[in-house]
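S.K.: Just need the structure, nothing else, for what follows:
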Amino acid sequence: MPAQKPQIPAVLDACCGPRMFWFDGADQRALFVDKRREACTADTREGRREIVINPDILADFKALPFRDATFTLVVFDPPHTFSGKKGWMAKKYGTLMPDWRDEIRRGFAECFRVLSPLGTLIFKWNEHRIPVSTVLTLTPERPLFGQRCGATAKTHWIVFTKSAAPAL
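M.R.: As a prediction, this is how the structure comes out:
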């Protein structure tokens with residue numbers, strides 16, 4: 001009997017980092033992608049902490065190695081701060097570069113490219129430095145709805161749906 005190809009999960013986490021918000025960081029229904037693979041420790045107010053970033057696939061969210069319309073759900077939680085590269089926030093979440101607008105614009109475009117028609121994109125953003133209203137101008141897609149959360153209500157979870165494929 002011929003070997004079967006491994007099936008790509010229906011869910012993509014395009015920049016998974018340490019998988020902080022997942023109930024199960026090893027959930028087989030999702031494919032975890034990040035541009036870095038590392039383990040590091042940092043001293044925080046809560047004590048010494050470890051962060052492990054171990055994606056299934058090493059890739060940048062601006063150039064995803066998947067065919068168009070591969071996933072029914074994409075999670076896009078890009079870096080949202082300019083913290084120094086050695087700080088805890090930078091190690092945990094990554095950092096924005098000076099050309100961050102272009103990076104986020106390209107990230108949105110790639111996430112929508114690999115999203116199937118009528119698929120859902122979940123976008124997470126923290127207004128630590130940049131208002132969500134500014135970030136939403138970087139995609140022509142319109143969000144459906146969103147929710148603020150966190151101690152300071154600066155974290156936004158925003159839901160988009162991709163339109164159906166154009167009629168031929």
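
S.K.: Buried ones in the lengthiest helix in the chain, by neighbour count?
M.R.: What stands out as the longest helix in the chain, according to DSSP state H, is helix 100-114. By neighbour count on 16 or more other CB atoms under 10 Å, the buried set for helix 100-114 is 100, 103-108, 110-112, 114. All C-beta spots, glycine's among them, are computed from the backbone N, C-alpha and C.

S.K.: Kindly provide the whole-number mean pLDDT of that helix.
M.R.: Over the span of helix 100-114, the pLDDT mean works out to 97.

S.K.: which residues sit against that helix?
M.R.: Residues outside helix 100-114 that contact it (CB atoms under 8 Å, 6 or more residues apart in numbering): 12, 14-15, 61-64, 66-71, 74, 76, 78, 96-97, 121, 123, 130, 135, 138-139, 141, 160, 162.

S.K.: Run through the neighbouring helices and strands of the helix or strand bottoming out on mean pLDDT in the chain.
M.R.: Lowest by mean pLDDT, DSSP states H and E among the helices and strands of the chain is helix 88-93, with a mean of 74. Packing contacts for helix 88-93, counted by 3 or more CB pairs under 8 Å, 6 or more residues apart in numbering; DSSP states H and E, involve strand 38-44, strand 47-53.
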